[in-house]
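Enquirer: next one to model:
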Amino acid sequence: MKAIIYARYSSENQREESIEGQIRECGEFAERKGYTVIKTYADRAISGKKADNRPQFMQMIEDSKQKGFDVVIVWKVDRFSRDKYDSVYYKNILKKNGVSVISATEPIDDSPEGQLMESIFEGFSVYYLKDLSMKVSRGMTENTLKGKFNGGNPTFGYVIDENKNFQPDPVNALIVADIFRRYASGESTKSILQSLNEQGIKTGPGRTPSYSFIVNLLNWRVQFQRYDCGKRICAAR
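Expert: Numbering: from 1, shown residues only. The predicted structure is shown next:
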């Protein structure tokens, strides 16, 4: 039987060795089973949540229409997909093309017990993603309420100190305060924008202020006022 290997890892925090390890174990499995591996597909630093975001995965599905292989070997079922709908949908396409999906490290076969185990493994995979998402969201919310930096580009008017806390920027915080003062006094957003550009103010390396910059800045303050404005980050306004 002809087989292909599909490997994937999710984030930049994982390394190329993750792919190499998956391919090695899948190759050893194929050898034990007597399969001939004819090709390997690998998606690097791409989440398994949505299949259509994985170019190598989608190419594998497309290539299955040519009926050039019989088996897709994955290290674990969650490498194929972490989304239950995608897993069923794309396995069904492969099945119509005469291709089955096999895990190299999990006890899954065509028996009733094997199918039950596959469902359990897929269920754990979905649970892992949802649980991780909730933990990340909760952690980011707590960081925000404590005035801690969550990553990305710092909000204009602030700098990040050595403890990853927001601190008012000695220069840009004054610009932010002036924008709020002028807007509160009735000056139009268009007029404020024109003034900032005339002064040559930059919102980032090579970036000039835009209409959306001012609107977002004002709206961000309104959103943050829903929290306890006695906190240091609000008081800095």
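Enquirer: and for the residue nearest to Asn97 when sequence neighbours are not counted, the neighbour number?
Expert: Once flanking residues are discounted, Asn97 sits nearest to Ser64: 4.3 Å by C-beta to C-beta, 6 or more residues apart in numbering. (Each C-beta comes from the backbone N, C-alpha and C, glycine too.) Residues within reach of Ser64, counting by other C-beta atoms under 10 Å, total 21.
Enquirer: just the one 5 residues further on next, same as before
Expert: For Phe69, the number of neighbouring residues by other C-beta under 10 Å comes to 23.
Enquirer: also Glu198?
Expert: Glu198, neighbours per other C-beta under 10 Å, totals 8.
Enquirer: for it, phi and psi?
Expert: When quoted as degrees, to the nearest 10, the phi and psi of Glu198 stand at phi -70, psi -30.
Enquirer: next one: Phe57 from Ile19, what distance?
Expert: Remark: distance between Phe57 and Ile19 (C-beta to C-beta, to the nearest Å) = 13 Å.
Enquirer: and the helices in the chain?
Expert: 16-33, 55-63, 77-80, 84-96, 112-145, 172-184, 189-198, 211-224, 232-235 (DSSP state H).
Enquirer: poorly predicted segments of this structure, please.
Expert: Across the chain, residues meeting the criterion (pLDDT under 70) sit at 11-17, 47-49, 108-154, 220-237.
Enquirer: domain-wise, how is it divided?
Expert: The record's domain parsing of the chain by automatic domain parsing lists 2-134, 147-235.
Enquirer: ok, now how distant is the nearest residue to Lys91 once chain neighbours are set aside from Met58?
Expert: In space, Lys91 comes closest to Val101 once its chain neighbours are excluded; the distance is 5.6 Å by C-beta to C-beta, 6+ apart. With the distance defined as C-beta to C-beta, Val101 ends up 15 Å from Met58.
Enquirer: so if I had to pick from these two, which one is more boxed in?
Expert: Val101 (20 against 15).
Enquirer: list the contacts of the more buried one.
Expert: Val101 sits next to Val71, Val72, Val74, Val77, Phe80, Lys91, Leu94 when contact means C-beta atoms under 8 Å, 6 or more residues apart in numbering.
Enquirer: the same query, at a cut-off of 7 Å, please.
Expert: Contact partners of Val101, counting by C-beta atoms under 7 Å, 6 or more residues apart in numbering, are Val72, Val74, Phe80, Lys91, Leu94.
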